[in-house]
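[1] Need coordinates for the following:
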Amino acid sequence: MEKLKEIFLNVLSKITSSRKRLIGFTGGAAAVILCLTVVFIAYQSGQKTPDMSLELETEPEITSEPVTEEPDFDEDDDFFEDDEDYDDEWDEDLEKDPSVYQPAAPQKYYSHLTGIRVTRTKQRKRPVSVIINNISVAMPNVGISRADIIYECLAEGGITRLMMVLADYENVAAFGSVRSSREYFIDLSRSHDTIYVHAGGNPQDYDELLKRKIDAMDGVNKLLINGSWAYFSQFYYRDAERRKTMASEHTLMISGEGIVAGIEQQNYRKTHERDYKGPFNFNEKFTEMSGGAKTANYVCVPYSAGFKPEFIYNPEDKLYYRKQFGKAHIDGETEEQIRFENVIILFAEYTPYRENAIAIREGHLACNLTGTGYGFYISGGKYKTIRWQKDTRDSVLNLFETDKSELYLNPGKSFVCVTSTAYNKSVVINSDIKSVD
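    Down below sits the predicted model:
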């Protein structure tokens, strides 16, 4: 029995010292180990070896001769090969059919706004859109460099208004100054499934907010939401420094914390619906345009006779730096010039809005973003003509190549200029090298 104990411990030691699993064991080897285990346990307890035989009609012949033959295990057998050889054998199996053994590659997720790789949680996070003042006497804009996408549309009097769209807003100290809604910004915000942050609006805007059940936060007026009046003005504030030099309408601000509080108050949905796809497609990495793309070092986009913002390309970082009012467009929070990987110009039809007396008196505009149109895509020092399509006011705005295939943007931030079809021959895009500031 001492010999049997020694054999068992020797086998068991070799098994436990190896990292190999039971893959590859023969049935005979497994049976021998099991028997040895039972015998050893019986020996240790001082009991007789239990009878493991099946009941037979005739008893088997019993010999009195001791067992001297050792189990058929050899240290040179494959079972005791070193780990390195075992790993090589595993690799050969992987080469034959990787899908059998190799775990599925981790799923990759990308931001719907920038095309940059993010976690699944961040991809599903619902962004906000904030309507920003863009008149010269209200400069500088504050917090605008945090935007993932900025839309610029024509407003009354030849000026423009901005809508910044961003997903990471919670920790931003201030956004502003926040201005009133225009209904075509509601149309654009629907492309990104945003929570809509604004300060006032035209009568037709409030009609649209109510009819389309927009999740909104108004800093001026109460909103009728699900049959009850909701107030958000407590989440906004007037900037004391701006009030020293600016009219009151240019001083209204909101912080990231204020936006969070407003969302919590109304229990607005914080994630995209599971079937949400987003309006834009992105390359996985920067891809230079080909197929007849032309040089675009300098871009000038007219919105009116008196307002023509510019974008200057910097080949060192492959970004377009924005200028307006004859100087760099600066974020008052960071004191840095705003810049973008992508510049998109869309031509749309603007017409006077004449559905109510206020709109007529103040010269408000309507912008038709339903249907199809054309424009330019600019990135990496190149540009090309593109098409846009929006089937309904609540559907996403899709971008296409001229051959109707889907357009892919380079990953990063985008500035979208929605200017009038009246200026379709007045946009300047050329190879001129100019100073970014």
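[2] Would you mind splitting this protein into its domains for me?
    2-55+71-101, 117-430 (automatic domain parsing).
[3] Let me know which of those is tucked in deepest.
    domain 117-430 (a mean of 18; mean count of other CB atoms under 10 Å). Every C-beta, even on glycine, is put in place using the N, C-alpha and C of the backbone.
[4] Between the two ends of that one, how far is it?
    Domain 117-430 has an end-to-end distance of 32 Å (CA to CA, to the nearest Å).
[5] mean confidence for it?
    The average pLDDT within domain 117-430 is 95.
[6] who's in contact with the residue lying closest to residue 356 once chain neighbours are set aside?
    Once flanking residues are discounted, residue 356 sits nearest to residue 203: 5.1 Å by CB to CB, 6 or more residues apart in numbering. Residue 203 sits next to 356, 358-359 when contact means CB atoms under 8 Å, 6 or more residues apart in numbering.
[7] Those into a markdown table, with extra columns for distance to residue 192 and secondary structure?
    As requested, these are exported to a markdown table (distance: CB to CB, whole Å; DSSP: H, G, I helix; E, B strand; the rest coil):
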| residue | distance to residue 192 | secondary structure |
| --- | --- | --- |
| 356 | 28 | coil |
| 358 | 28 | helix |
| 359 | 26 | helix |
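[8] Out of those, the closest to residue 108 would be?
    Residue 108 has its nearest neighbour among those in residue 359, at 46.6 Å by CB to CB.
[9] what are the ranges of the strands in the stretch 301-437 of the chain?
    Residue ranges of the strands in the stretch 301-437 of the chain, as given by DSSP state E, counting those that start in this stretch, are 310-314, 319-324, 327-328, 330-331, 336-337, 339-340, 342-352, 365-368, 371-379, 382-390, 398-401, 408-409, 414-420, 428-430.
[10] now for the first one, which elements pack on it?
    Based on contacts counted as 3 or more CB pairs under 8 Å, 6 or more residues apart in numbering; DSSP states H and E, the elements that strand 310-314 packs against are strand 298-300, strand 319-324.
[11] ok, 6 Å please
    Strand 310-314 sits against strand 319-324, with contacts defined as 3 or more CB pairs under 6 Å, 6 or more residues apart in numbering; DSSP states H and E.
[12] Let's verify residue 234: helix, strand, or coil?
    Under DSSP: H, G, I helix; E, B strand; the rest coil, residue 234 falls in the helix class.
[13] Can you tell me how far it is from residue 218?
    From residue 234 across to residue 218, the span is 12 Å (CB to CB, to the nearest Å).
[14] swap in residue 120?
    Distance from residue 120 to residue 218, by CB to CB: 32 Å.
[15] swap in residue 406?
    Computed as CB to CB, the residue 406 to residue 218 distance reads 36 Å.
[16] ditto for residue 354
    Taking CB to CB, one finds residue 354 at 24 Å from residue 218.
[17] What of residue 140?
    The value you get for residue 140 to residue 218, if CB to CB is used, is 24 Å.
[18] next one: residue 126
    Counting by CB to CB - residue 126 and residue 218 are separated by 18 Å.
[19] would TSV of the domains of the chain with distance to residue 437 be doable?
    Formatted as TSV, the domains of the chain follow (distance: least, CB to CB, whole Å):
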stretch	distance to residue 437
domain 2-55+71-101	53
domain 117-430	4
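[20] Having no further points to raise, I will conclude here.
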